[in-house]
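>>> Need the 3D shape of this:
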Amino acid sequence: MTNLITCDLSQIRNGEIQDLQGINLSGCNLSGANLQKADFSGSQLMGTNFTGAKLQGAILRCNLRGADLTGADLTGADLRGADLRGAILLSAQVENISFAGAFLGGAILTNLDLSDADLRGTDLRGVNLVGACLQKADLSNSNLSGADLSQADMEEANFTGAILEGANLCRGNLLCATIDPNALKHTFKEGTCIEGIFDN
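Next up is the predicted model:
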């Protein structure tokens, strides 16, 4: 693995380096960096500061535990299988993003627009998704145990095979969502709109 000390951070900030596979940038400050289409496959980015960074189309299939992605542009980014436990994604742009198979336990995803997002098989245990937009998102086979989905808009979302034990759905919208009604037995759903829920 490449060590941070061998890298020219000025080039990274200017978006001139796209191949960043297997690099160790843990704890590095890359706020506002231009990293469009950069390939971070297999890299260590634990606790890295990406606030406001441009990461459109970036490949981030790597260790991002505790990374700060507040306000980052992740449009079209590939985070399949990424470790995002404890990461902060407040106000991040996540259009056309793929989180399939990612680990998001303890991540802060408050008020994110995850409509149409690919979240298949994702570990979302204990995740803060308060007020998030999950319209038409694919959450099939995901684990949402203990997740806070209060006030979230989950209209037409796909929860086929998802685990929802202990999830907070208070004042959420599950209109026309695909979900096994039995999966809602052990959730908190006071004031939740569940009209039109159907079992796939």
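>>> any weak-confidence spans in the chain?
The chain contains residues with pLDDT under 70 at 1-17, 196, 198-200.
>>> Centroid-nearest residue for it?
Closest to where the C-alpha atoms of the chain average out (Cα atoms, centre = their mean) is Phe99, at 5.8 Å.
>>> Run a quick check on Asp83 versus Gly105, I expect a contact.
No - counting by Cβ atoms under 8 Å, Gly105 is not a contact partner of Asp83; they are 9.4 Å apart. For the C-beta atoms, the positions are set from N, CA and C on the backbone; glycine is no exception.
>>> all helices of this protein, in order?
In the chain, the segments counted as helices under DSSP state H are 9-13.
>>> show me where it has strands.
Counting by DSSP state E, no segments of the chain form strands.
>>> Now do the buried residues in stretch 172-182.
172-180 (16 or more other Cβ atoms under 10 Å).
>>> Stretch 149-164 too?
Neighbour-count burial for stretch 149-164 [16+ other Cβ under 10 Å]: 149-160, 162-164.
>>> Could you work out the most separated pair of the residues you listed?
By the measure Cβ to Cβ, Gln151 and Thr160 form the most distant pair in these, at 23.0 Å.
>>> Cys193 is in contact with Cys170, correct?
No - assessed by Cβ under 8 Å, Cys170 is found out of contact with Cys193, at 11.3 Å.
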